[in-house]
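1. Whatever this is, show me its structure:
(2 chains)
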2 protein chains.
Amino acid sequence: MRGLVLTDAGPQLCHDRPIPTPGHGEALVRVRLAGICATDLALIAGYKGGYRGVLGHEFVGEVVAAPDAPEWINRRVVGEINMGCGACDLCRRGLGKHCRKRQSLGIIGRDGALADYLTLPLANLHEVPANVSDDEAVFTEPLAAALEVLEQVHITPDSRVVVVGDGRLGLLISQVLALTGCDLTTVGKHPAKLALLREWQTGCTLLSDDPALDQAVNADVVVEATGSPAGFAAARTLVRPGGTVVLKSTFAGGLPQFDISSLVVDEITLVGSRCGPFAPALRCLATGRVQVTPLIQARFGLDDGVAALTAAGRRGMLKVVVAPS
Amino acid sequence: MRGLVLTDAGPQLCHDRPIPTPGHGEALVRVRLAGICATDLALIAGYKGGYRGVLGHEFVGEVVAAPDAPEWINRRVVGEINMGCGACDLCRRGLGKHCRKRQSLGIIGRDGALADYLTLPLANLHEVPANVSDDEAVFTEPLAAALEVLEQVHITPDSRVVVVGDGRLGLLISQVLALTGCDLTTVGKHPAKLALLREWQTGCTLLSDDPALDQAVNADVVVEATGSPAGFAAARTLVRPGGTVVLKSTFAGGLPQFDISSLVVDEITLVGSRCGPFAPALRCLATGRVQVTPLIQARFGLDDGVAALTAAGRRGMLKVVVAPS
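-> The predicted structure is shown next:
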């Protein structure tokens, strides 16, 4: 089969990758559509140095083999990406997604979704409702990551919330948070992206337009979705004392000027946030509560996978999707 | 009156400080006993550079004048230390203790408790129950700060909790957390202090005794009460992915090697924690649920106030109290 493989020489399209064999309790999935995410680009840039294998963890596909559960065959599915060892203290406490020996699809120890086929445990799969298109279903994983904010922080209708960042993830997070009825503002740099938010009836502001983005905002919750030191600094300025900053992105170069003591004095809570729940993400897609297809900005075939990665890395690019067939 | 004043030349006992005049809604309080806290020592060392005035914010005293509410006269009281402006957005939202223009007794803009008299708004005062001694009541403020952990983090009987630090605050925090029934271990360096915890039936371990203080602990919540980079590093190692680290101390020199991205990957929550609620602190003292008098390690008169500050700064010293009369 074909697979977009991260090698020592960078990402390469391989044509002779063996079709993976599903293990006990696993399914073989034919990929229908895959998405490219910032994590893929970070892996290529050397994040966590060392992943080598097929890239990609956002996908929708159909089950073509499931030795232990043939009823899954032909079902259209999306899949959670983490696989714990099942035996350690964390797995036994239901924290398998954080297992220190975990595999993560296309990220740690398990070939990913930018290929013709992948395997995943049946326990990781979720059937896609019939009224959710492939273009929508491919957003299940990042939408789940956006919903994780609501799993971790109790945002109420009366909360004052700011999302810093109007990128792929920021736009999903903003839509999800708007569902709470909270007083929401998204701060971004790209007029075209903020126009999407306006269309979705979500408050937003262009960074350069608003000199008042200062301490007077006193947000209860700020979600940092840029992964840049400037974004973190903005979040720290915008949050009120006693408030919460949710970190949705890793910071490639660290934070040179991080004043941890100010967190104590101002009683700030920092919440690291990563993967989230798939079932509510599929519900949001099935009910039309979240709009995702306007985020698709470019579409490639798998044969042009390397070009797709390059396109996804362009500044301001929203979602790039890759169709194997 | 006498006052232990932080001057440009360091702390000095002044004998001719004017007795403060209570403003509208305020009371004049005669100090019966005051405590010295790490914050006092940090102010002397230059923290927040600039406070000049009477030091001290832990006290028990009696009201000797209250122009607007004479019924308070002769009541034995403790007092919350923060005074908001009352007019800003934060104050109007009930967040006066975080008001950016706040005064804090003996810390920001308001003479403190290491003196014969102080003034505070009546709204800040709490009457001390008759069965709580002065030696106990003087711990109300730090005990409230310990209780703040339970205000911010939901610790359940099934939680696995570690307190890093067996200093003054660490010992109060450990006692308070033990009330939840949680699986609690306090990590410290001082056998004599850990012996107190053993007496109180609280789990504890000497840092050097236990090579197993590693990732295998997987604590749900770790409370950092040392203010040292080593303490933070220990907290980060001991907490499980998805868990919470509560920061109870500021870090004088910052944290040179803080990996903020790991908070995202491991979904760690950092909670900055400062002042807490006085009413439950007084309840804990009145009901004997928390033992504080064993923490008093030295006792001085106000005339020996400078020596008291020096004693409080000695390594391993627990609480130093100062009696004006």
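
2. which residues touch the residue of chain A positioned farthest from its centre?
-> Ranked by distance from the centre of chain A (CA atoms, centre = their mean), the top residue is A:V265, with 32.3 Å. With contact set as CB atoms under 8 Å, 6 or more residues apart in numbering or on different chains, A:V265 has these partners: B:T250, B:G272, B:R274. For the C-beta atoms, the positions are set from N, CA and C on the backbone; glycine is no exception.

3. Could you provide the residues you listed in TSV, with additional columns for secondary structure and distance to chain A?
-> Below are the contacts of A:V265 laid out as TSV (DSSP: H, G, I helix; E, B strand; the rest coil; distance: CB to the nearest CB, whole Å):
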residue	secondary structure	distance to chain A
B:T250	coil	4
B:G272	strand	4
B:R274	coil	5
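
4. What separation is there between the spatially most central residue of chain A and A:V222?
-> The centroid of chain A falls nearest to A:P142 when counting by CA atoms, centre = their mean (3.0 Å). A:P142 sits 20 Å away from A:V222, going by CB to CB, to the nearest Å.

5. swap in A:R52?
-> A:R52 sits 36 Å away from A:V222, going by CB to CB.

6. Residues of the stretch 201-325 of chain A that sit close to chain B?
-> A:215-216, A:218, A:232, A:240-242, A:247-252, A:254-255, A:258-274 (CB under 8 Å from any CB of the partner chain).

7. In PyMOL, how would I select just the buried ones from these?
-> With 16 or more other CB atoms under 10 Å in any protein chain shown as the criterion, this PyMOL line picks the buried residues out of these:
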select buried, chain A and resi 218+232+240+241+242+247+248+249+250+251+255+258+260+261+263+264+266+267+268+269+270+271+272+273+274
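
8. Just the ones of the residues of the stretch 201-325 of chain A next to chain B in helices?
-> A:F232, A:I260, A:S261, A:S262, A:L263, A:V264, A:V265 (DSSP state H).

9. Need the pLDDT of the last one.
-> Confidence per residue is given as pLDDT, and for A:V265 that number is 91.

10. from the chain's centre, how far out does the helix or strand containing the residue nearest to the centre of chain A sit?
-> Using DSSP states H and E, A:P142 sits within helix A:140-152. Centroid separation for helix A:140-152 versus its chain: 8 Å, with CA atoms, centre = their mean, to the nearest Å.

11. what's the helix or strand just after that helix packed up against?
-> Using DSSP H and E, the helix or strand that directly follows helix A:140-152 along the chain is strand A:160-164. Packing contacts for strand A:160-164, counted by 3 or more CB pairs under 8 Å, 6 or more residues apart in numbering or on different chains; DSSP states H and E, involve helix A:168-178, strand A:183-188, strand A:219-224, helix A:229-238.

12. can you put those in TSV and add mean pLDDT?
-> Listed next are the helices and strands packed on strand A:160-164 as TSV, based on pLDDT from 0 to 100:
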stretch	mean pLDDT
helix A:168-178	94
strand A:183-188	91
strand A:219-224	96
helix A:229-238	92
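
13. With distance to B:A195 added, can I get those in CSV?
-> Shown next, in CSV, are the helices and strands packed on strand A:160-164 (distance: least, CB to CB, whole Å):
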stretch, distance to B:A195
helix A:168-178, 50
strand A:183-188, 52
strand A:219-224, 43
helix A:229-238, 41
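
14. Compare A:R52 and A:V222 (neighbour count), which wins?
-> A:V222 (29 against 10; other CB atoms under 10 Å in any protein chain shown).

15. you'd agree that one is up against A:S159?
-> No. Under the criterion of CB atoms under 8 Å, A:V222 is not in contact with A:S159, lying 10.8 Å apart.

16. what number of residues lie near A:P157?
-> Neighbouring residues of A:P157 were enumerated by other CB under 10 Å; the total is 8.

17. Let's see the pLDDT reported for A:S208.
-> Confidence score, pLDDT, at A:S208: 61.

18. ok, now A:V77?
-> Reported pLDDT for A:V77: 98.

19. if I've got this straight, it is in a strand?
-> Yes. Applying DSSP: H, G, I helix; E, B strand; the rest coil, one finds A:V77 inside a strand.

20. who are the neighbours in contact with A:Q152?
-> Contacts of A:Q152 by CB under 8 Å, 6+ apart are A:V246, A:V271, A:S273, B:E267, B:T269.

21. ok, the fourth one - contacts?
-> By CB under 8 Å, 6+ apart, the contact list for B:E267 reads A:H98, A:Q152, A:V271, A:G272, A:S273, A:R274, B:P241, B:G242.

22. Next secondary structure element downstream of the lengthiest strand in chain A?
-> Scanning chain A for the longest strand, with DSSP state E as the assignment, gives strand A:26-36. Sequence-wise, the next helix or strand downstream of strand A:26-36 (DSSP H and E) is helix A:38-44.

23. what helix or strand does A:L90 sit in?
-> helix A:89-92.

24. err, A:A311, not the other one
-> helix A:305-312.

25. Can you tell me which residue of the stretch 51-200 of chain A sits closest to chain B?
-> As assessed by CB to the nearest CB, chain B sits closest to A:H98 within the stretch 51-200 of chain A, at 3.3 Å.

26. Skipping its backbone neighbours, what lies nearest that residue in space?
-> B:P241 (3.3 Å; CB to CB, 6 or more residues apart in numbering or on different chains).

27. Same question for A:A279.
-> A:H126 (6.5 Å).

28. cool, A:P280 as well?
-> A:L147 (5.4 Å).

29. Hmm, the one you found is touching A:L282, no?
-> No. Look at A:L147 against A:L282 with CB under 8 Å: they stay out of range, at 10.5 Å.

30. out of these two, which sits in the busier spot?
-> A:L147 (24 against 21).

31. pLDDT value on the more buried one, please?
-> pLDDT recorded at A:L147 is 97.

32. which residues touch it?
-> Applying CB under 8 Å, 6+ apart, the residues contacting A:L147 are A:V176, A:G276, A:P277, A:P280, A:A281, A:C284.

33. at 6 Å what do you get?
-> A:V176, A:G276, A:P277, A:P280, A:A281 (CB atoms under 6 Å, 6 or more residues apart in numbering or on different chains).

34. Mind picking the one among the residues you listed that's closest to chain B?
-> Out of the contacts of A:L147, the member with the shortest distance to chain B (by CB to the nearest CB) is A:G276, at 10.1 Å.

35. my guess is the closest one is in a helix, correct?
-> No. Under three-state DSSP, A:G276 falls outside any helix and is assigned coil.

36. I'd say it and A:E141 touch.
-> No. Using CB atoms under 6 Å as the test, A:G276 is too far from A:E141 to be in contact (8.6 Å).

37. State the distance from A:P294 to A:R315.
-> Taking CB to CB, one finds A:P294 at 19 Å from A:R315.

38. ugh, typo on my part, it should be A:I19
-> Using CB to CB, A:I19 is found at 36 Å from A:R315.

39. So which residues make contact with stretch A:270-282?
-> Here stretch A:270-282 has contacts from A:80, A:97, A:126, A:140, A:143-145, A:147-149, A:152, A:245-248, B:263-264, B:267-270, using CB under 6 Å, 6+ apart.

40. cool, stretch A:73-87 as well?
-> Here stretch A:73-87 has contacts from A:57, A:60, A:62-63, A:66, A:91, A:96-97, A:99, A:101-105, A:120, A:124-128, A:137, A:140, A:278, using CB under 6 Å, 6+ apart.

41. In strands, which of the residues you listed fall?
-> Going by DSSP E, the strands hold A:V60, A:E62, A:V63, A:Q103, A:S104, A:L105, A:L120, A:L125, A:H126, A:E127 from the contacts of stretch A:73-87.

42. Which pLDDT value belongs to the second one?
-> Among the per-residue scores, A:E62 holds a pLDDT of 98.

43. With the last one instead?
-> In the prediction, the pLDDT value recorded for A:E127 is 98.
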